[in-house]
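**Q** Model the following, please.
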Amino acid sequence: MADESRWNRIEFEAGSGSADGNPPQDVIELEVEAVTESADAVVPVEPAEPEVELEGEIAVGHADAPVIELEVEQVGEPAVDDAAKTKAQTKAEAKAQAKAEAKARKEEAARAEAKAKAEAKAKAEAAAKSKAKADAGDQRRGGVGKRLLRAFVGIILLALLGGYAYGVHYYSGHFLPKTQLDGADLSNLSIDEAAQALDAQEALFRVTVQGEGLDIIIKPEDIGRTVDSSGIVASAHELTVNEWRWPLDRWSAHDLDSNLVATYDPQMLERFLSDEVQAANAQAKAPRDAYVIYSPTAQRFEVVNESYGNTIDQARVIAKVEEALITEQNTVEITSDDLLVPKHSADDEAIMAACDKANGYLAGKLVIAIDGKDRYTVDAKDIAPFVVIDDDLQVSLDTAALRNWAVKMESALNSVGKERVYTRPDGKVVTVSGGTYGWRTRSVGLADRIVNVAEKGKQERVNVPSTQSAYTFTGVGGMDWGRYVDVDLSTQHAVYYDVDGKVLWESGIVSGKPATPTPTGVYILTDKQSPATLKGFNSTTTVNYWMPFAGSAVGLNDSATQSSFGGTAYKDGFGTRGSIDLPPDKARELFELINVGEAVVVHW
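**A** As a prediction, this is how the structure comes out:
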């Protein structure tokens, strides 16, 4: 392929716009190489003229976009035919027209743009003037507002300062809000008003004591309670009110109870509560300590368990009420913890030790034989009454009292005529003295022996010789006879008892008249005669059955002259000179039963 080329120049005119509305023209020159290829592949194009200038426009984006004009300059003189030339001219004209139209549009866009800019400028200037005017108005108004604000703030500050100063003055003599003392509301009260309020509240003071049978209401006058109201509120104000802090402190609650000082009369309180507690305890059961006691059945000391009652402890009640008065409490509850309790329980070591020591004294024993026959044993039953256990559980033997008893015991071995106390089988307790029945012994220092065996816990036997014996020996003042006739002068009745208390015989009687009463005492039946002649001062009487017991003049005998027996015949003129008249058949029965040497006990 034959290489033949020519460079053509293309000029582009681009409008970028200017202030006067006419876009500047920039010419961009391009050299275009025209390549002519072989006749087989490409038809060579020759420019119709050595140089042709072409102009065109390219619109980019929108009407305001820059217009690029193309100017094509053909360099050289290509060979063209007439048809091509005509075509080129037509194309050139079309381009020229398009260029003119583009230029017209360009100018129209420039004018529109200039108009828009002018309008925008005018709007901007108008806005600037309006803003300046507004700023000027705001400035004028702002100056007035600031002055008003400063004035308002000043007034507020003056008001606050004045209010604060007033509050300082006011609360220097008044209590703050939300202030209470002893239940009285002192809010905003002056000191004098607060004192009056406290007095009124004190008049309502009450302490209620309840529980375990107590229901007490204590008033100030019951215990002499007094309160210095003026002094208390003045002191409380001085200690608790800081008038300079009133704006802060007025919102808080203020309890001034710790400043309350009340006095009372302790003696009045004790008397008042003592009366109430004693009244409540009147029907109460007292507690009982465990204690040591002698058991006749076991013949030794034993511990009895403690027991709890419902008696109120007065000391605890007083202490609780005093505490309530100090702490200003209005209620006192009495519970089971405030009841009296036993001091000692059965398992206390002190109780058990006392019991053991007491039993140590009971080890002593003295067997008393009379005429070689064991009659009585001094042992635990006799020694126990003289073993002393005090409140502090200290155990001792009362030797002085024991010796006195031992002397009586030795004396009881000579029981004739001594006082005896016995219980008759029908239950009547009889005390009688005098007579001839009983023991008569010689002294052997029995009292010293009894004390010795008790103190040392020894066991001994002593024989006491006698000159007169009785059926038995049961100790001091005891019943020492066996079968006996019991003559009851108060009922005018006689009964013959066996040793076991069985009734063997009984009958109504007529005893001695008041002027010559039948003598009382325990006598020995000295004889039995049938028949017998009884001699009086001026007469003699014969009886079928004569059983004398008090000398030869007083005894039991039959009587055929008495119309009745028992009742009051003895003092209605039918009494004897001392003997006991019996119905004849009853006299015979007794005569056949009774033995000489047995006892006849006469008593009222």
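**Q** the helices in the stretch 351-500 of the chain, which residues?
**A** With DSSP state H, counting those that start in this stretch as the criterion, the stretch 351-500 of the chain has helices at 380-383, 399-412, 446-456.
**Q** cool, the chain as well?
**A** Counting by DSSP state H, residue ranges of the helices within the chain are 82-171, 191-203, 220-223, 229-240, 246-249, 266-281, 314-327, 349-361, 380-383, 399-412, 446-456, 584-593.
**Q** Would you mark the buried spots in the fifth one?
**A** Taking 16 or more other C-beta atoms under 10 Å as the neighbour-count basis, helix 246-249 is seen to contain the buried residues 246, 249. Yep, even glycine has a C-beta here, placed from its N, CA and C like the rest.
**Q** Report the contact partners of residue 489.
**A** Neighbouring residues of residue 489 by C-beta atoms under 8 Å, 6 or more residues apart in numbering: 511, 517, 518, 520, 570, 602, 603, 604.
**Q** same thing but at 10 Å, please
**A** When contacts are counted by C-beta atoms under 10 Å, 6 or more residues apart in numbering, residue 489 is found next to 509, 511, 512, 517, 518, 520, 570, 580, 602, 603, 604.
**Q** coming back round to it: okay, the helices of the stretch 351-500 of the chain in a markdown table with mean pLDDT next?
**A** Supplementary listing: these in a markdown table, determined by pLDDT from 0 to 100:
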| stretch | mean pLDDT |
| --- | --- |
| helix 380-383 | 94 |
| helix 399-412 | 90 |
| helix 446-456 | 91 |
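**Q** Deepest in the core, which of these is it.
**A** The highest mean neighbour count among the helices of the stretch 351-500 of the chain belongs to helix 380-383 (a mean of 20), with neighbours defined as mean count of other C-beta atoms under 10 Å.
**Q** shouldn't residue 425 be in contact with residue 486?
**A** Yes: counting by C-beta atoms under 10 Å, residue 486 is a contact partner of residue 425 at 8.7 Å.
**Q** now stretch 383-391: how far from the chain's centre is it?
**A** Taking C-alpha atoms, centre = their mean, to the nearest Å, one finds stretch 383-391 lying 42 Å from the centre of the chain it belongs to.
**Q** just stretch 323-341 next, same as before
**A** Counting by C-alpha atoms, centre = their mean, stretch 323-341 comes out at 10 Å from the chain centroid.
**Q** and if you look at stretch 345-363?
**A** If you compare the mean C-alpha spot of stretch 345-363 with that of the full chain, they lie 37 Å apart, counting by C-alpha atoms, centre = their mean.
**Q** Buried ones in it, by neighbour count?
**A** Residues of stretch 345-363 classed as buried: 346, 348, 351, 354, 355, 357, 358, 359, 361, 362, 363 (neighbour count, 16+ other C-beta under 10 Å).
**Q** try stretch 218-231
**A** Per 16+ other C-beta under 10 Å, stretch 218-231 contains these buried residues: 218, 220, 222, 223, 225, 227, 229.
**Q** my read: the first one touches residue 210, true?
**A** No: contact criterion C-beta under 10 Å: residue 218 and residue 210 do not qualify, at 11.5 Å.
**Q** So for the two, which residues contact both of them?
**A** Here residue 218 and residue 210 have residue 332 as joint contacts, going by C-beta under 10 Å, 6+ apart.
**Q** between the helices of the stretch 351-500 of the chain, which one is nearest to residue 161?
**A** helix 399-412 (97.2 Å; C-beta to C-beta).
**Q** For the closest one, give me every contacting residue.
**A** Contact partners of helix 399-412, identified using C-beta under 10 Å, 6+ apart, comprise 361, 366, 368, 376, 378, 382-383, 385-388, 398, 418, 420, 438-439, 441, 443-452, 454-455, 464, 473-478, 480.
**Q** Any of the contacts of residue 489 buried? List them.
**A** Here the buried ones among the contacts of residue 489, as counted with 16+ other C-beta under 10 Å, turn out to be 509, 511, 512, 517, 518, 520, 570, 580, 602, 603.
**Q** Adding pLDDT and distance to residue 284, write the residues you listed out as TSV.
**A** Shown next, in TSV, are these (pLDDT from 0 to 100; distance: C-beta to C-beta, whole Å):
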residue	pLDDT	distance to residue 284
509	98	54
511	98	54
512	97	57
517	97	53
518	97	54
520	98	49
570	96	54
580	97	57
602	98	51
603	98	45
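**Q** List just the nearest of those to residue 503.
**A** Within the set of the buried ones among the contacts of residue 489, residue 509 lies nearest residue 503; the separation is 15.3 Å, counting by C-beta to C-beta.
**Q** Angles on the backbone of the closest one, please.
**A** Here is the backbone geometry of residue 509 (degrees, to the nearest 10): phi -140, psi 170.
**Q** Against residue 299, how distant is it?
**A** Residue 509 sits 42 Å away from residue 299, taking C-beta to C-beta, to the nearest Å as the criterion.
**Q** what ranges of this structure fall below the confidence cut-off?
**A** For the chain, residues meeting the criterion pLDDT under 70 lie at 1-85, 88, 134-142, 537.
**Q** got the end-to-end distance for stretch 463-478?
**A** With C-alpha to C-alpha, to the nearest Å applied, stretch 463-478 spans 20 Å between its terminal residues.
**Q** mind listing what's buried in it?
**A** 464, 466, 469, 470, 471, 473, 474, 475, 476, 477.
**Q** my guess is the last one meets residue 522, correct?
**A** No: with contacts counted by C-beta under 10 Å, residue 477 stays clear of residue 522, the gap being 11.4 Å.
**Q** Can you check which residues contact both of those two?
**A** Shared contacts of residue 477 and residue 522, defined by C-beta under 10 Å, 6+ apart, comprise 415, 418, 419, 420, 422, 433.
**Q** among those residues, which ones are buried?
**A** Under a neighbour-count criterion of 16+ other C-beta under 10 Å, the subset of the shared contacts of residue 477 and residue 522 counted as buried comprises 415, 418, 420, 422.
**Q** can you put those in TSV and add distance to residue 303?
**A** Output for those, formatted as TSV (distance: C-beta to C-beta, whole Å):
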residue	distance to residue 303
415	38
418	38
420	36
422	33
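**Q** How about the contacts made by the nearest residue in space to residue 309 that is not next to it in sequence?
**A** Leaving aside its sequence neighbours, residue 309 sits nearest to residue 285 (C-beta to C-beta, 6 or more residues apart in numbering; 3.7 Å). In this structure, residue 285 makes contact with 307, 308, 309, 310, 311, judged by C-beta under 10 Å, 6+ apart.
**Q** Quick check: the gap between residue 285 and residue 441.
**A** Applying C-beta to C-beta, one obtains 51 Å for the distance of residue 285 from residue 441.
**Q** Burial check on residue 519, number of neighbours?
**A** Counted with other C-beta atoms under 10 Å, residues neighbouring residue 519 total 15.
**Q** If I follow the layout properly, it ends up in contact with residue 601?
**A** No: using C-beta under 10 Å, residue 519 is not in contact with residue 601, being 11.8 Å away.
**Q** hang on, isn't residue 270 packed against residue 223?
**A** Yes: in this structure, residue 270 is within contact of residue 223 by C-beta under 10 Å, at 9.3 Å.
**Q** Need the residues touching each of these two.
**A** Counting by C-beta under 10 Å, 6+ apart, the contacts common to residue 270 and residue 223 are 321, 322.
**Q** which of residue 425 and residue 486 has more neighbours?
**A** When neighbours are counted by other C-beta under 10 Å, residue 425 and residue 486 differ, and residue 486 comes out ahead with 23 against 14.
**Q** thinking that one is in contact with residue 430, fair?
**A** Yes: the criterion here is C-beta under 10 Å, and residue 486 meets it with residue 430 at 7.9 Å.
**Q** okay, and the common contacts of these two?
**A** Where contact means C-beta under 10 Å, 6+ apart, the residues bridging residue 486 and residue 430 through contact with each are 422, 424, 601, 603.
**Q** and the closest residue to the first one other than its chain neighbours, what does it touch?
**A** Yep, that's residue 422 we're talking about. Nearest non-adjacent residue to residue 422, counting by C-beta to C-beta, 6+ apart: residue 479, 4.0 Å away. With contacts taken as C-beta under 10 Å, 6+ apart, residue 479 has the following neighbours: 420, 421, 422, 423, 424, 430, 470, 471, 472, 522, 599, 601.
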